[in-house]
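J.: Dropping a prediction and its sequence here:
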Amino acid sequence: MDNDSELFDWTVRNAVYATILERTVPPTVDETAAALGVSPDDVRFAYERLNGRHAFFLTPGSHDVRMAHPFSGVPTAFRVEADDRTYWANCAWDTLGIPAALHADARIEAPTGGGESIQFAIEAGQLTGWDGVVHFPLPFRRWYDDLIET
């Protein structure tokens, strides 16, 4: 990949994240293209390259951004309220990543795995309201086998 393509890909990635921060959901290819003033095909190819590099993840068979860590592109059971917005996380780990990425306090709701949910918060960079343990059912080396289902 040449430097121009790599720079373009990171510009596209930054535009995707900027939209998520503003709207809480990722933009479509057409929305990203319009925001950057480039062709949708150029953005589509950038999305594919970024997906291949794990810079974000597309919904299989589409160009919809499913995951832009720590943000989920679809509603999940992992809800994070920060800066007067509701974001969706991909997993328990990402519920902590969202307030860290935003440098913001947050209220978090996450499933326990037993059909119940827990609520806790990040306040001034500190975890409050919970002193449990997060369990990851698969070792890290297997997360990318099927990241959406992991």
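T.: Yep, it's here. Note that the structure is predicted; figures quoted are calculated from it, not measured. Numbers count the residues shown, from 1 in each chain.
J.: Now for Gly97, how many residues are close by?
T.: Gly97 is flanked by 16 other residues according to other Cβ atoms under 10 Å. Where C-beta positions appear, they are placed from N, C-alpha and C, glycine not excepted.
J.: mind listing what's buried in the lengthiest helix in the chain?
T.: The single longest helix within the chain, with elements called by DSSP state H, is helix 3-23. For helix 3-23, burial by neighbour count (16 or more other Cβ atoms under 10 Å) applies to Phe8, Asp9, Val12, Arg13, Ala15, Val16, Tyr17, Thr19, Ile20.
J.: Stretch 110-117 now?
T.: So for stretch 110-117, counting by 16+ other Cβ under 10 Å, buried means Ala110.
J.: tell me how far it is from the chain's mean position?
T.: From the chain centre to the centre of stretch 110-117 is a distance of 21 Å (Cα atoms, centre = their mean, to the nearest Å).
J.: where's the longest helix of the chain relative to the chain centroid, distance-wise?
T.: With Cα atoms, centre = their mean, you get 13 Å for helix 3-23.
J.: can you list contacts of that helix?
T.: 1, 25-27, 31-32, 35-36, 42-43, 46-47, 49-50, 53, 55-56, 65, 68, 71, 73, 87, 102 (Cβ atoms under 8 Å, 6 or more residues apart in numbering).
J.: got any ranges where the protein has weak pLDDT?
T.: For the chain, the stretches with pLDDT under 70 are 1, 144, 146-150.
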